[in-house]
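Participant: Next one to model:
(one chain, ligands or ions: 2)
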Amino acid sequence: MAIICVLHPFFDNLVAEGWLETAQRRLLGKRTASRFELLLAFGADCAGAVSIIDPEPAAFHAEKLDQSDHANLAIMHNRASLSGIQPKLLLVKQKQKYRLAELGDVSTHIAKLPPLNINDIVYNEWLTLNACNALLPNDDFVVAELAELPGIFEQALIIKRFDRSDDLQKIHFEEFNQLLRLDTVAKYSGAYKDMADFISTIPSCLQSDIYRLFKRVLVGLLTGNTDMHFKNFAMFHSEQGLRLTPNYDQVAAAIYQPYQYVALKMDNESDRIIGQLKAKNIIALGREFNLSNASIMMAVDEIHGRLDAAKQAVYNANQTHTLMQDKITQLMEKRWRGTFSLIGQRLSKKP
Ligand SMILES: Nc1ncnc2c1ncn2[C@@H]1O[C@H](COP(=O)(O)OP(=O)(O)O)[C@@H](O)[C@H]1O
Ligand SMILES: [Mg+2]
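Facilitator: Ligands and ions are numbered 1, 2, ... in the order given. All right, here's what the predicted structure looks like:
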């Protein structure tokens, strides 16, 4: 009988993905290193409050990394585990300056660097984050800035960690992939409704978080953020119960041709093409969240009232006019006219 060892989803979701995962295997000098081995070697400064410390740390093989790649070299210092596909480094902010986090540090910031295939994604995220923030001014968003990381990268998105307090205490949270007990690879397997159902069935959750989550999904759809999977939403474990963390990973992915499919099921169907979303699909999403017509309309009206401010925020985010700013504002305008603007009419027709 074959024994298959898998990590519990809570731990599997702490392990790096993509570029970082590959670089970590190289650093361990073991192409076949399991995700458990990666967690043991790089789990000291994970997302949330759990640290994984190996009493007998594995040896590192820095010579196996491409020494000309500064980002590669930086992960040798960090030895950190953060999931997500984009390359990232952990930083410590000290005296208004950022430095790379070293093994044993509690990092305060995350630097997101562009992957090789989409080099303007960092700038895209900066603009989209500004748009979303302006669309939902009463919600929480990560605090970020676009800045140079001297000697490493000319432009990174530097994001303050919401799971580290100012006095460097670790604050626990779980991504929805963890809360729903799904492995990393299953982050696209499910529906937005699953998160709403989770909140409604856990007694310590706030029902108002369902409405908050609904508005986050709407704003994501309006800005072309097709990559809203279960790892891009999370909840804090607070003394009062589970509460949504700030919004993170807002990227207008739909401006890139290959990213037209909505990450999770909505209105009972997977792989919906964002450009083909109809008012009825958004209404159905609201119903899947158990929201009344009045609540759905209130969310849409709130977003409508902020649309111009959001477009302005995209232009204010960078004083030099760029094509990307036009693309994102045009995308929002198109989604508004093609999908959202027709919701009121459709709702008033139906009893
Ligand atoms: N500001 C933050 N504070 C703490 N953890 C964060 C923060 N932003 C992201 N994370 C964690 O890091 C993971 C990867 O970040 P994310 O921005 O989603 O990167 P990617 O674009 O590669 O998916 C998230 O799924 C979340 O668990
Ligand atoms: Mg992400």
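
Participant: burial of the residue of the stretch 51-200 of the chain found nearest ligand 1, as a residue count?
Facilitator: Relative to ligand 1, the nearest point of the stretch 51-200 of the chain is residue 84 (2.4 Å; Cβ to the nearest ligand atom). All C-beta atoms are positioned from the backbone trio N, CA, C, and that covers glycine. Per other Cβ atoms under 10 Å, the neighbour tally for residue 84 reads 19.

Participant: Just confirm it contacts residue 18, I think it does.
Facilitator: Yes. Between residue 84 and residue 18 there is a contact at 7.3 Å, judged by Cβ atoms under 8 Å.

Participant: now the strands for the chain?
Facilitator: 88-94, 97-100, 109-112, 144-149, 153-160, 173-175, 234-238, 241-244 (DSSP state E).

Participant: same for the longest one, what does it pack against?
Facilitator: Using 3 or more Cβ pairs under 8 Å, 6 or more residues apart in numbering; DSSP states H and E as the contact definition, the elements that strand 153-160 packs against are strand 109-112, helix 121-135, strand 144-149.

Participant: repeat for the first one
Facilitator: Strand 88-94 is packed against helix 70-78, strand 97-100, strand 109-112, with contacts defined by 3+ Cβ pairs under 8 Å, 6+ apart.

Participant: Tell me which of the ones you listed is the most buried.
Facilitator: Across the helices and strands packed on strand 88-94, averaging neighbours per residue (mean count of other Cβ atoms under 10 Å) puts strand 109-112 on top, at a mean of 24.

Participant: Tell me if that strand is near ligand 2.
Facilitator: No. Using Cβ under 5 Å from the ion, strand 109-112 stays clear of ligand 2, with a minimum separation of 9.4 Å.

Participant: Give me the sheet partners of that strand and which way each runs.
Facilitator: strand 88-94 (antiparallel), strand 153-160 (antiparallel) (DSSP bridges).

Participant: Spell out which residues sit in contact with the residue in the stretch 101-250 of the chain positioned nearest to ligand 1, please.
Facilitator: Ligand 1 sits closest to residue 249 of the stretch 101-250 of the chain, with a gap of 3.4 Å, by Cβ to the nearest ligand atom. Shown in contact with residue 249 (Cβ atoms under 8 Å, 6 or more residues apart in numbering): 84, 125, 227, 232.

Participant: how about CSV for those, with distance to residue 196 and pLDDT added?
Facilitator: CSV is the format used below for the contacts of residue 249 (distance: Cβ to Cβ, whole Å; pLDDT from 0 to 100):
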residue, distance to residue 196, pLDDT
84, 23, 80
125, 25, 98
227, 19, 97
232, 15, 98
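
Participant: Specify which residues of the chain, grouped into ranges, have pLDDT under the cut-off.
Facilitator: 1-5, 67-71, 73-74, 350-351 (pLDDT under 70).

Participant: what's the neighbour count on the closest residue to ligand 1 within the stretch 251-351 of the chain?
Facilitator: Taking Cβ to the nearest ligand atom, ligand 1 has its nearest neighbour within the stretch 251-351 of the chain at residue 251, 6.9 Å off. Residue 251 is flanked by 27 other residues according to other Cβ under 10 Å.

Participant: Relative to residue 165, how far out is the nearest residue to it once chain neighbours are set aside?
Facilitator: Once flanking residues are discounted, residue 251 sits nearest to residue 125: 4.8 Å by Cβ to Cβ, 6 or more residues apart in numbering. Residue 125 is 24 Å from residue 165, where distance means Cβ to Cβ, to the nearest Å.

Participant: Show me what residue of the stretch 51-200 of the chain gets nearest to ligand 2.
Facilitator: Among the residues of the stretch 51-200 of the chain, residue 84 lies closest to ligand 2, at 4.2 Å counting by Cβ to the ion.

Participant: oh, I was asking about the stretch 151-300 of the chain
Facilitator: Nearest residue of the stretch 151-300 of the chain to ligand 2 (Cβ to the ion) works out as residue 249 at 3.8 Å.

Participant: mind pulling up the phi and psi values for that residue?
Facilitator: According to degrees, to the nearest 10, the main-chain angles of residue 249 amount to phi 60, psi 50.

Participant: likewise residue 290?
Facilitator: phi 60, psi 30.

Participant: so who does it touch?
Facilitator: Residues in contact with residue 290 (Cβ under 8 Å, 6+ apart) are 196, 200, 210.
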